[in-house]
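K.L.:
Structure for this input, please:
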Amino acid sequence: MKTILCPLDFSAASAGLVAYAAALAVGTGAELHLLYVQEPAAPAAGEDDATAALDRHRAAAEAAGARCVSTDLAHGEAASTIVAEAQRQHADLIVIGAHGRTGLSRFLMGNTAEFVVRTATCPTLLVRE
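P.N.:
The predicted structure follows:
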């Protein structure tokens, strides 16, 4: 395994997700790429805040021994952007958080992780909160 892509949403579970992905990267010798996708319709902090958050997560992954070669901030619809970024980076694995939404919440909010699992060309590991 050479490349692991770890998309983040900056939820409370993101730190645990980065720790998990970093451990996988260290164990396999893979490079770790962190990604945040700013969706057009989603309320969010500014781009500077997102960049700072990515930098904090990169520092945590590097402290755990992972080789983080990039932190990327992309704009677009999250699920399709994650899949496209995985293809662009030739990712061997996507490590993505699963929030476990069900019912109406899942219907209204969509399910990014489910879309990524169904459409990515590389294996995808879902990590529960």
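
K.L.:
how about the helices in this structure?
P.N.:
Taking DSSP state H as the test, the helices found in the chain are 14-28, 47-63, 78-88, 103-109, 112-119.

K.L.:
From one end of stretch 79-98 to the other, what's the distance?
P.N.:
One end of stretch 79-98 sits 13 Å from the other (C-alpha to C-alpha, to the nearest Å).

K.L.:
what's it in contact with?
P.N.:
1-9, 11, 13-14, 17, 20-21, 24, 30, 33, 35, 37, 70, 72, 74-75, 110, 112-113, 115-116, 119-129 (C-beta atoms under 8 Å, 6 or more residues apart in numbering). (Glycine included, C-beta is placed from N, CA and C.)

K.L.:
Only whichever of the residues you listed are buried, select them in PyMOL.
P.N.:
Selection of buried members from those for PyMOL, criterion 16 or more other C-beta atoms under 10 Å:
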select buried, resi 3+4+5+6+7+8+9+13+14+17+20+21+24+30+33+35+37+72+74+112+113+115+116+120+122+124+127
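
K.L.:
Can I get stretch 116-128 as CSV, trimmed to CA atoms?
P.N.:
Provided in CSV are the C-alpha atoms of stretch 116-128 (Å, rounded to 0.1, in the frame of the first residue of the first chain):
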residue,chain,number,x,y,z
VAL,A,116,-17.9,6.7,-1.7
VAL,A,117,-18.0,3.0,-0.9
ARG,A,118,-20.3,2.3,-3.9
THR,A,119,-18.3,4.3,-6.4
ALA,A,120,-14.7,4.4,-5.4
THR,A,121,-12.3,2.4,-7.5
CYS,A,122,-10.1,1.5,-4.5
PRO,A,123,-11.1,-0.2,-1.2
THR,A,124,-12.8,2.0,1.4
LEU,A,125,-12.6,1.5,5.1
LEU,A,126,-15.5,3.0,7.1
VAL,A,127,-14.6,4.0,10.7
ARG,A,128,-17.4,4.5,13.1
